Each structure stands twice: as C-alpha cells, then as structure tokens.
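Asks: got a sequence here, can you build the structure:
(one chain, ligands or ions: 3)
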Amino acid sequence: MILELDCGNSFIKWRVISVDGTQRLLAGVVDSDAALFESLAVAPGLRVSRCRLVSVRSDAETEQLVARLRESLGVDAVCAQPASQVGVVHNGYEDFRRLGLDRWLAVLGAYHLGQRACLVVDLGTAVTADFVSASGMHLGGFICPGLPLMRDQLSTHTRRIRYDRQVALAALQELEPGRSTAEAVERGCVLMLRGFVAEQLLQAQARFPEGFEVFLTGGDADLVRDVVPGAQVVPDLVFVGLAIACPLS
Ligand SMILES: Nc1ncnc2c1ncn2[C@@H]1O[C@H](COP(=O)(O)OP(=O)(O)OP(=O)(O)O)[C@@H](O)[C@H]1O
Ligand SMILES: CC(C)(CO)[C@@H](O)C(=O)NCCC(=O)O
Ligand SMILES: [K+]
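Replies: Ligands and ions are numbered 1, 2, ... in the order given. Predicted coordinates:
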C-alpha cells in the first residue's frame, strides 16, 4: 500500500492507495500530525510499503513528520520537490522554488487530466488560481485569503463580530442579504470567493480563446462550483499531481 499525504497549512489530507495506484483504500482529513498517527494506528488492515508527500509547511515541520513516519511505519517518505519542468509542463514563476508545491502539483494534475489549457482554483486556508496554457506553460496565478482566514480576520479585528460556529453553517443554506451577523459575514465571505472565481473565469476566457478546462479543488470548492458550470471538482487533484511528480517505481 502507498500512503500519500498533502500537508496544507491547516489540515493534512491523507489517503492510502494500492501499490499499482488503481484502488483508493482509505482516506481522511486531520488537523495535526498527532491526529494523523492516531488515524493511521486504528486504520484497519494498513500495511504501508511506500509513502510520498507534499508539504507547504516549514522544512523543519516537514522533516519532523518524515522522521515520525520512518519511526512508526518504517517507510522513507518521498517528498515532492520544486521543479522548473515536469514533462511538458513548465513552472511559470521567476524563481520556480517559490511556487507553492501544492499549486505546482495541482497544475501538473490538472494538465494531465485536461490535456489542454487549464484554470486551476484551490480553495483552502488560502485560495489560489493558476493558469496553464494548452502547450503546458504555467502562466502564473493569484493568491488570496481563503474562507477560514477571512472569517478569522473579521473577528480578530472587530469587537462585535461574534457568532456561533453552528449558526455559521446554517447561514450558508442561501446567499440572500444577511439578517444576522453570522449570515452577513458567512455569506459576505462566500461571495468574495465566488467573485474571485468569476474574475478568474473572465481572465481565462480572455487568455484562452480556444477553450480551457476549469478544475476546482480544496475543502471549500463546493461553495463556488455553480459559479463555473462546466468545472470539474477534483478533491484529489493534488494527489494526481503527486503521483506524477513522485513516481514510486
Ligand atoms: N472534512 C473537512 N475537513 C476539514 N476542512 C473541511 C472539510 N470539508 C470542508 N472543509 C473546509 O475546507 C477548508 C480547508 O481547506 P483545505 O483542507 O483544502 O486546505 P488547508 O489544508 O486548510 O489549507 P491549504 O490551502 O494550505 O491546503 C476549510 O475552510 C474547511 O471549512
Ligand atoms: C499559497 C499557499 C499557502 C496555498 O496553500 C501555498 O501554495 C504556499 O505557501 N505558496 C508559497 C507562495 C507562492 O506560491 O507564491
Ligand atoms: K491546498
């Protein structure tokens, strides 16, 4: 079995696939390294022979995780590394090492699945949009705060924006003007995300007149999916790219 990890800023997404890559056996989302090892300890029938991961955390945090994986599972995790090119896909950053590895892998995954120009939007702690041309040129992208950061900034920098988490979830059933703080903030922030995605779509239409594929990924992708009717929502997009960047043969 192959253990795959996508270590984001807030959550670790993990999954276990068969060695030939054809079956997805287990999957989960955890909010800390400790919770990851707890989940793996109770995973039924787990026998990990290989491991690959991508991390946007600090090198020290990533190294610590790799060391713990070695201790507890006896595997040496292969970590995705920055690259200026993989196959026909070229990294568009001035310094390719600076492009977030989750973005790079999502771009590799999207181009692999789409085989044409792509707009890739990842909605997590941060929201990112990346453009890839039909020939595989990554043209760069945009980064803005994601939903969790927008909410937190509002409550951190105001006195009276306070509401219950449960009420917040209910507030998103519709997007009418809010009539409570929870509704006003939750819907306002979702409209920011939707507006951002709509703008990226306009940019892609201008840049790729011959057509393009839109890929949405990340925990909040569902909140924007109907802004782009033809979009493919691919929760595992980073893992698709991880398999391309880190083949385990
Ligand atoms: N099962 C889930 N577990 C955790 N978060 C979830 C889940 N489903 C949806 N979400 C939402 O997903 C968002 C987090 O997204 P995601 O897990 O893609 O990114 P992340 O790891 O926090 O950050 P990064 O962008 O660095 O990868 C949160 O806003 C959260 O509300
Ligand atoms: C933007 C995030 C936080 C999204 O997870 C990550 O891709 C990252 O830390 N990127 C480094 C900065 C950049 O991509 O320009
Ligand atoms: K991510």
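
Asks: who are the contact partners of the nearest residue to residue 7 once chain neighbours are set aside?
Replies: Once flanking residues are discounted, residue 7 sits nearest to residue 55: 3.9 Å by Cβ to Cβ, 6 or more residues apart in numbering. C-beta coordinates here come from the backbone N, C-alpha and C atoms, glycine included. With contact taken as Cβ atoms under 8 Å, 6 or more residues apart in numbering, residue 55 is in contact with 5, 7, 61-62, 65, 79-80, 101.

Asks: residue 108 - how many residues pack around it?
Replies: Using other Cβ atoms under 10 Å, residue 108 has 28 neighbouring residues.

Asks: and it, what pLDDT?
Replies: On pLDDT, residue 108 comes in at 99.

Asks: so which elements touch the helix or strand containing it?
Replies: Per DSSP states H and E: residue 108 is located in helix 101-114. Counting contacts by 3 or more Cβ pairs under 8 Å, 6 or more residues apart in numbering; DSSP states H and E, helix 101-114 packs against strand 50-55, strand 89-90, strand 118-123, strand 126-132, strand 138-145, strand 213-217, helix 237-245.

Asks: average pLDDT across the shortest one?
Replies: Confidence for strand 89-90, expressed as mean pLDDT, is 98.

Asks: is the helix or strand of the chain with the lowest mean pLDDT in proximity to ligand 1?
Replies: Lowest by mean pLDDT, DSSP states H and E among the helices and strands of the chain is helix 165-171, with a mean of 91. No - applying Cβ under 6 Å from any ligand atom, one finds helix 165-171 out of contact with ligand 1, separated by at least 9.4 Å.

Asks: contacts only, for the residue nearest to residue 88 when sequence neighbours are not counted.
Replies: Excluding the flanking residues, the one nearest residue 88 by Cβ to Cβ, 6+ apart is residue 136, at 3.9 Å. If a contact means Cβ under 8 Å, 6+ apart, then residue 136 has 87-90, 111 as its contacts.

Asks: tell me the buried residues in the longest helix anywhere in the chain?
Replies: Ranked by residue count under DSSP state H, the longest helix found in the chain is helix 181-207. Within helix 181-207, the residues scored as buried using 16 or more other Cβ atoms under 10 Å are 181-187, 189-190, 192-194, 196-197, 200-201, 203-204.

Asks: intersect these with the contacts of ligand 1.
Replies: Near ligand 1, judged by Cβ under 6 Å from any ligand atom, there are no entries from these.

Asks: quick revisit: quick check on the contacts of residue 55: which are buried?
Replies: With burial judged by 16+ other Cβ under 10 Å, the buried subset of the contacts of residue 55 is 5, 7, 62, 65, 79-80, 101.

Asks: make a markdown table out of those residues and add secondary structure, distance to residue 236 and pLDDT.
Replies: Formatted as a markdown table, the buried ones among the contacts of residue 55 follow (DSSP: H, G, I helix; E, B strand; the rest coil; distance: Cβ to Cβ, whole Å; pLDDT from 0 to 100):
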| residue | secondary structure | distance to residue 236 | pLDDT |
| --- | --- | --- | --- |
| 5 | strand | 12 | 98 |
| 7 | strand | 15 | 98 |
| 62 | helix | 21 | 98 |
| 65 | helix | 20 | 98 |
| 79 | strand | 18 | 98 |
| 80 | coil | 15 | 98 |
| 101 | helix | 16 | 98 |
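
Asks: thanks a lot, see you next time.
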